[in-house]
Structure formats: C-alpha cells, structure tokens
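Peer 1: what's the 3D shape of this:
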Amino acid sequence: MLGKQMKAAILAVQHQPLVIDDVEIPQELSIGQVLVRVCYSSICGSQIGEIQGVKGADPYLPHLLGHEGSGVVEAIGPGVSLVAVGDHVVMAAKDGDGIRSNVPQYRWRGGGLNAGWVTTFNEYAVVSESRLTPIPKDVDLKIAPLLGCAILTGFGAVENTVQPKIGESVVVFGVGGVGLSVVQAAGLVSAHPIIAVDLSKSKLQLATRLGATLGVEATKQDPRDVIYEVLGDAGADHTIVCTENLEALETAYEVTKTNGQTIFLGLPSSKGHVSLPVLPLHYGRIVTGSLIGESQPSEAIPRYTRLIDAGELQLKEMITDTFSLEEINQAVDKMIQGTIDGRCLIEVNP
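Peer 2: Residues are numbered from 1 along each chain as shown. As a prediction, the model looks like this:
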C-alpha cells in the first residue's frame, strides 16, 4: 500500500466537519516507522478539542487525526524490532517502547498533509514503532482501540496517580469513556464506595452496570449534598474529574477530604480558569493532573489484555455506538452533543 491511495478523515479547518477524501500514503518507511492497516478506531475527547480549537489556532492544518486504534502490521521500516508483519497491534496516544520515528508526510490534493506519530482516522497509517503494542490475536480488534487511550488514562490514573487503598472512597465526575475506565479500575482495586456523577441518566446507568456503587444525576441533584450524605461531612478520599467542565473540577475539590486528592483528566479550553480555596493545600490536599494516566503502554497494555481474558475488564460494554469512516462526522456531532453514553467505535478498514 505504500505510495497508494486510501480514504481518510482530514481536519482541514477548525470548527468545520472533517473532510472524507482520498489521501496518498508515503512512498517508503523511514527508520522506526510501521505501516498499519487501521481496522478500528475510537474517538477521544482530545480529537473533539482539536476540531473545536480548544487549545487555540492549529499550526499544523491540514492534518490527520486519531490516537486510539487497532490494526494489523503491513510493513516495517529499518530498525523496527518490536512488531512484525501480521502482528495485531494497539495504536496508543503515548509513547511506549521502541523507536520514536520522524512523523510521516502524506499527500492530499497536490500538497502535503501533516500527521503525528500515530493517526487512526485513516485506512492505513504510518506509525512510530513507539506508539504500537502487539496484542494476542484472540483479543477482539473491535474492542482493542480503547486500550490505546481511554483505558490507559482511566486505569493508569487509578493505579499510578490516585493509588486508592482498599475501602477508600472514589467519586468520578463525568462517566464517558475515561470515566467508565476509572470506575472499573477503582472497582478492581476494591475502592468503596464508587460514586459516579454526570448530567446524563443513561451514562450513569452504564456506570452502575460497570461497577459504580451509586450514580448522581447532576441536573436533578446537587452532587455535594449526595456525597456528604453518603460519605459524611469529611467528604471523599479521592475525586477524579473526567470532563472538561471546570465547574465539576471546583465541585470535586470542594467535596474532597482535607488531606485527600483531586485528579483532573479533562481537556479544558486554553483560556479556562478555576477558583479554588488554598487553605486545604496547607493540610495536604492534592490537586493534580495525570497525563494519559502516567501509563507506559508497552508495560500496561499486556496486563490489561490479561484482564480482558479473565473477564475482569469490560470493553465491549463500553462501546455504545458504531459508525463507518464515512459517518465519522455524525460520531463527532453526537460526542459534542453528549449523546454517546460510552465510547464510539469507527469501523475504518476491518
């Protein structure tokens, strides 16, 4: 497929639908690059942020998108040693082991088309070896994309950043793909109770099916009232914010114990600000982020595949909507509207 045409979804202009068009794949692979047939992709909130320009003007337009996918290795470039032709792989949002290659340059409408070290909204992708983790072939490629970001972020935040003790309380604000991952991970380490907070009743129902002790519909109940009623006036041991809603961050900080911690996993606007009382910091309160859960994909993804095999990690249940590549703008619109309960799946080139 090197040098040939493929279908791809292109971000040409911010705040506009993605352009579905033919793109020319690079002619050859350089050191550390791998050609992957992209079977399935999911959409992360980061891509919605790119489309909506939450970080400001994008200097790389036009470019390809996506960092959460699964596929099959078609060809490898010089120096690649961790994957081989025919391997099933997860395409991840963060570097793991292997070579971090140069970024590829595609061709589109007679000009260059930019891309990062991994893209997944395209039928084939030239990917940096460092963004690929081989997985057993009995792991369903339809569910594997979630391992590349949603699970890395949610599970990673719980085990690397939050590190709750058995029986400590966890409150999750926002139960989309990352929030549902947090809920499952918190359950696996025996946190209790696990309280899910969201604006959507159907998302909360899914969260409780995946292990949340209680769901709080924030449009009908003040989360603070419910949290204090369940946990007492001291509040929660750990609050994890999986939404870009900064009011949720302020509320989470407010209901956290004096010596507890608030972890922010959302992607806010570059102009966003919050107002937080500082006295709790004197007593040891922690408020911090956790970039992709501080995970190391090459180490974490194989462990998570064992959880899938053991029936302890429910990925199929997290996928609530499926679209073709040609329908990807419908998926984007539904994500912006908040009407996708879990994670959506894009059938790219199965």
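Peer 1: now stretch 42-62: how far from the chain's centre is it?
Peer 2: Chain-centre distance of stretch 42-62: 14 Å, with CA atoms, centre = their mean, to the nearest Å.
Peer 1: so which bits of that stretch are buried?
Peer 2: S42, I43, C44, G45, S46, Q47, G49, E50, I51, V54, P62 (16 or more other CB atoms under 10 Å). Any C-beta I mention is one placed from the backbone N, CA and C, and that applies to glycine too.
Peer 1: just those: which are in helices?
Peer 2: The members of the buried residues of stretch 42-62 that map onto helices under DSSP state H are G45, S46, Q47, G49, E50, I51.
Peer 1: could I get the residues you listed as CSV with distance to D21 and pLDDT?
Peer 2: Putting those into CSV (distance: CB to CB, whole Å; pLDDT from 0 to 100) gives the following:
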residue, distance to D21, pLDDT
G45, 24, 93
S46, 22, 93
Q47, 17, 96
G49, 22, 94
E50, 18, 96
I51, 16, 97
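Peer 1: now distance to Q261 too, for the residues you listed, in JSON lines please.
Peer 2: Formatted as JSON lines, those follow (distance: CB to CB, whole Å):
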{"residue": "G45", "distance to Q261": "22"}
{"residue": "S46", "distance to Q261": "23"}
{"residue": "Q47", "distance to Q261": "28"}
{"residue": "G49", "distance to Q261": "25"}
{"residue": "E50", "distance to Q261": "29"}
{"residue": "I51", "distance to Q261": "32"}
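Peer 1: can you map out the helices along the stretch 151-300 of the chain?
Peer 2: 177-188, 201-209, 223-231, 246-254, 279-282, 297-309 (DSSP state H, counting those that start in this stretch).
Peer 1: most tightly surrounded among the ones you listed?
Peer 2: helix 177-188 (a mean of 28; mean count of other CB atoms under 10 Å).
Peer 1: touching it from outside, list them.
Peer 2: Residues outside helix 177-188 that contact it (CB atoms under 8 Å, 6 or more residues apart in numbering): 42, 44-45, 146, 150-151, 153-155, 157-159, 162, 164, 170, 172-173, 175, 194, 196, 198, 206-207, 210-212, 240, 242-243, 265, 307, 312-314, 318, 342-343.
Peer 1: ok so, going back, closest one to K4 among the helices of the stretch 151-300 of the chain?
Peer 2: helix 297-309 (28.8 Å; CB to CB).
Peer 1: break this structure down into its domains, please.
Peer 2: 5-143+315-347, 151-294 (automatic domain parsing).
Peer 1: returning to what we had before: can you select the buried ones among the contacts of helix 177-188 for me in PyMOL?
Peer 2: Entered in PyMOL, the line below selects the buried ones among those, by 16+ other CB under 10 Å:
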select buried, resi 42+44+45+146+150+151+153+154+155+157+158+159+162+164+170+172+173+175+194+196+198+206+207+210+211+212+240+242+243+265+307+313+318+342+343
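Peer 1: if we can go back for a sec, minimum distance to P302: which of the domains of the chain has it?
Peer 2: Per CB to CB, nearest to P302 of the domains of the chain: domain 5-143+315-347, 7.2 Å.
Peer 1: from V36, how far out is P268?
Peer 2: Going from P268 to V36 by CB to CB, to the nearest Å gives 31 Å.
Peer 1: which one of the two has more residues nearby?
Peer 2: V36 (29 against 18; other CB atoms under 10 Å).
Peer 1: give me the beta-bridge partners of the nearest residue to that one once chain neighbours are set aside?
Peer 2: Spatially, and ignoring its direct neighbours in sequence, V36 is nearest to G71 (4.3 Å; CB to CB, 6 or more residues apart in numbering). On the basis of DSSP bridges, G71 is bridged to V38, V89.
Peer 1: alright, that wraps it up for me.
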